[in-house]
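In: Here is the input, now give the coordinates:
(one chain, ligands or ions: 1)
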Amino acid sequence: MLIVECPKRYSDSSLPGRETYSYYAGYSLSFAEQLIRNIPLDSSSIVLDPWNGSGTTTLAASRSGVRSIGYDLNPVMVIVAKARMLRHSTSPSILPIWSKIKVEASELSWKTDTSGDPLRDWLTPTGVASFRRIEFSIRNHLIHETTDTFLDPQRVNKMSDLAAFFYVSLFRVLRKVLTPFKTSNPTWLRRAKNESEKIKITPGKVLQLIEDDIREVERQFRASLEPIVPDAAASDILICNSEQLILPDCSIDVILTSPPYCTRIDYAVATSAELAVLGYFKDDGFTTLRHDLMGTTTVPSSAPPAKPTWGGTCIDFLEKIETHKSVASSTYYLKNHLRYFSSLQASLSEVARVLKPQGIASFVVQDSAYKDLHNDLPEIVSEMCDILGLIQFQRDDFSLGSSLSSINSRSRPYKPEGFRPTESVISFYKQ
Ligand SMILES: C[S@@+](CC[C@H](N)C(=O)[O-])C[C@H]1O[C@@H](n2cnc3c(N)ncnc32)[C@H](O)[C@@H]1O
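Out: Purely as a prediction, here's the structure:
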């Protein structure tokens, strides 16, 4: 029996550099640590999160002295998860390296044409150059790749925790500068309507904002009494699609994860500003990534057909969507859900493949509503895992006051009678 606390995320200021990137889709570090410490593991054990997001599982495993692997298809989340792993012993290097980055960025004259730069969606040419100079200087000092205008996505996998730390500071400051483009939906950042709405910010101002940001996190590290993990538990945080895990069969002891929400959250749009920093253009890498991420709002031209391996609850729910009277239910929304469940099943089958016999897989899953229909995702995950031969041994349900399923205000009047979203932690073992 696992002791499972409510996974809901809260802000914990006693964790320097660990809770400083605002992320809407994670669970709490304390929940993940408690769960991992419940399971008898040794120095050869490996914990995996195939949808690692902000890296709560990998951080919790590392703090518990256990090796971990974290995968995410979105390079921004890979960088965020790496930055969260920055060790206490590395923190004294932050300010000396920042001094060098700052001097170079101040002296650099940015002559590159900014007209095709994805950051131009929100910033004037001066604003774009202000951010690019600093990004270029971070790369020069910590990645040694300055020949191209943008960071090669392949380099994200090799990026150190320290380089990721500086990128995340840049992301945080960019987010702050782009506040006028925030909408009531925390996962949606609108683009500027015209040139006059774009933000003009000087290089000096951006440098100052980053300096303030870095000094604050560095001060938190110095003031913190956070215990230092005795044995450095290695962690590999990489770009990988959950539908095709780059791991051998039966190689993982524990999987702790939460699948992308099935509430049409566009994880690419949610990180569009950060992806722009990495050079993801709307008509190139960005669109491809947007299509490939699970939970996307985009739909494929032809959706995969439902399969018996998706379980009875899923097939019943899909039939109800298909016959629903509301506009586009039988077309756009059906395809959108077919695509989601197809990816979910393919990913769960990878989970079952890589888990060792007697290994444990715990999923944090929220239910939601589609119009007046209940999308019982926890039950769907249970049935898919059951069909894959995993044995469910525990389920803990936590009622949520609000959740991402209620973000879209236009969908509220359709909610099923008395619907209150629930977050479930469902645990399985492999025979
Ligand atoms: C619910 S979030 C995970 C949150 C994480 N547990 C945390 O605490 O931060 C789901 C993540 O899955 C990622 N994702 C979506 N589709 C994916 C895919 N096909 N392969 C790998 N990761 C994917 C998203 O980028 C997102 O970061």
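In: residues in the protein within reach of the ligand, list them.
Out: Counting by CB under 6 Å from any ligand atom, the residues of the chain close to the ligand are 23, 25-27, 51, 53-54, 56, 71-74, 77, 241-243, 258, 260, 267, 293-294, 343. Where C-beta positions appear, they are placed from N, C-alpha and C, glycine not excepted.
In: so how far is the ligand from residue 422?
Out: 16 Å (CB to the nearest ligand atom, to the nearest Å).
In: taking the mean pLDDT, what do you get for the helix or strand that contains residue 37?
Out: Counting by DSSP states H and E, the element that carries residue 37 is helix 29-38. Confidence for helix 29-38, expressed as mean pLDDT, is 94.
In: Quick one: residues in contact with it.
Out: Outside of helix 29-38, the residues within contact range by CB atoms under 8 Å, 6 or more residues apart in numbering are 2-8, 12, 15, 18-19, 47, 56-57, 59-61, 63-64, 66, 254, 256, 362, 425.
In: Among these, name the buried ones.
Out: Listed as buried from these are 4-7, 15, 18-19, 47, 56-57, 59-61, 63-64, 66, 254, 256, 362, 425; burial here means 16 or more other CB atoms under 10 Å.
In: in this structure, which spans are strands?
Out: In the chain, the segments counted as strands under DSSP state E are 46-49, 67-72, 235-239, 252-257, 355-366, 368-370, 373-375, 390-399, 422-430.
In: the helices in the stretch 201-350 of the chain, which residues?
Out: With DSSP state H, counting those that start in this stretch, the ranges of helices along the stretch 201-350 of the chain come out as 203-223, 267-270, 272-277, 287-292, 312-322, 334-354.
In: could these go into JSON lines alongside mean neighbour count and mean pLDDT?
Out: Converted to JSON lines, the helices of the stretch 201-350 of the chain look like this (neighbours: other CB atoms under 10 Å; pLDDT from 0 to 100):
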{"stretch": "helix 203-223", "mean neighbour count": "16", "mean pLDDT": "91"}
{"stretch": "helix 267-270", "mean neighbour count": "22", "mean pLDDT": "88"}
{"stretch": "helix 272-277", "mean neighbour count": "23", "mean pLDDT": "94"}
{"stretch": "helix 287-292", "mean neighbour count": "16", "mean pLDDT": "91"}
{"stretch": "helix 312-322", "mean neighbour count": "17", "mean pLDDT": "98"}
{"stretch": "helix 334-354", "mean neighbour count": "21", "mean pLDDT": "97"}
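In: Do I have it right that residue 341 meets residue 380?
Out: Yes: taking contacts as CB atoms under 8 Å, residue 341 lies within contact range of residue 380: 7.3 Å.
In: got CSV for the helices of the stretch 201-350 of the chain, with distance to residue 190 too?
Out: Converted to CSV, the helices of the stretch 201-350 of the chain look like this (distance: least, CB to CB, whole Å):
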stretch, distance to residue 190
helix 203-223, 21
helix 267-270, 10
helix 272-277, 10
helix 287-292, 16
helix 312-322, 28
helix 334-354, 22
